[in-house]
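>>> I'll drop the sequence and a predicted model, then ask my questions.
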Amino acid sequence: MHDCWTSYFGLKVGGHQICTAHLLRELKYLVKLYQQRWTESFSGLLDGALELKKKMLAQEALHDSKLVQERKKLEEDLDRILEKHIDQEHKKLIAFKKRIIRYRNYLFPFLYHLKVPPDNNASERAIRTCKVKQKVSGLFRSQEGANAFAIIRSVIDTTIKNTKNVWEALAIIPTLAVVTE
């Protein structure tokens, strides 16, 4: 799950999912810049995909025939949108469209896998605490302090995501063997 930064596609991972939140933010900028119907159509398509994901999650189903038909229609709509002509003067929009064509297969994996989110907002929220800590109290005083903060924050976030008791998880930390290099 990532924005469309080219180097991410070189990583050896099981698959890629382009963050829809990043795409929608970029489209909002392009709408203001060019007032093109193409950007509105593409934004609408992404909104439709997000709504379909909500339905899939609510029903806990990927293979319901109605949902499969909706997913197929979204893919067909995407093909139609990508075939539309864009004025050559709209360079940033053309670059966006070319990027979408190039990475088309990474737009909708979240519609084929229930556990794949459509955006990386959860990841960005997880690292936000580090940034807030840095802003409130300045930098960490030592690398050891930064590492300790990262470990504790990781345990807390993972525990919350797994709907477990945070206090119990934190109580386990002192009992774990410390690995040093």
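It's in.
>>> chain center to the longest helix seen in the chain: distance?
Ranked by number of residues, the top helix in the chain under DSSP state H is helix 37-59. A distance of 14 Å separates the centroid of the chain from that of helix 37-59, by Cα atoms, centre = their mean, to the nearest Å.
>>> who does that helix touch, helix- and strand-wise?
helix 20-34, helix 65-83, helix 91-102 (3 or more Cβ pairs under 8 Å, 6 or more residues apart in numbering; DSSP states H and E). All C-beta atoms are positioned from the backbone trio N, CA, C, and that covers glycine.
>>> out of those helices, which comes closest to Ser43?
With Cβ to Cβ as the measure, helix 20-34 is the member of the helices and strands packed on helix 37-59 nearest Ser43 (4.7 Å).
>>> Just the buried residues of the closest one, please?
Across helix 20-34, burial judged by 16 or more other Cβ atoms under 10 Å covers Thr20, Ala21, His22, Leu23, Glu26, Leu27, Leu30, Val31, Tyr34.
>>> next one: stretch 107-116
Under 16+ other Cβ under 10 Å, the buried positions of stretch 107-116 are Leu107, Phe108, Pro109, Phe110, Leu111.
>>> Would you map out the domains in the chain?
Split into domains by automatic domain parsing, the chain comes to 6-111, 121-175.
>>> Select from those the stretch with the lowest mean pLDDT.
Lowest mean pLDDT within the domains of the chain: domain 121-175, at a mean of 79.
>>> tell me the contacts of Glu60?
Leu114 (Cβ atoms under 8 Å, 6 or more residues apart in numbering).
>>> Now do the phi/psi pair for it.
The phi and psi torsions at Glu60 (degrees, to the nearest 10) take the values phi 50, psi 50.
>>> Could you check how far it is from Leu67?
Separation of Glu60 from Leu67 (Cβ to Cβ, to the nearest Å): 11 Å.
>>> Was I right to think Leu27 contacts Gly44?
No: counting by Cβ atoms under 8 Å, Leu27 does not reach Gly44; the two are 9.9 Å apart.
>>> Closest one of the buried residues of helix 20-34 to Glu168?
Nearest to Glu168 among the buried residues of helix 20-34, with distances taken as Cβ to Cβ, is Ala21, at 32.8 Å.
>>> how near is the closest one to Lys91?
With Cβ to Cβ as the criterion, Ala21 and Lys91 are 24 Å apart.
>>> that older thread, now do the longest helix of the chain: everything it contacts.
The contact list for helix 37-59 (Cβ under 8 Å, 6+ apart) reads 20, 23-24, 27-28, 30-31, 62, 64, 67, 70-71, 74, 77-78, 81, 84, 86, 93, 97, 100, 107-108, 110-111, 114, 118.
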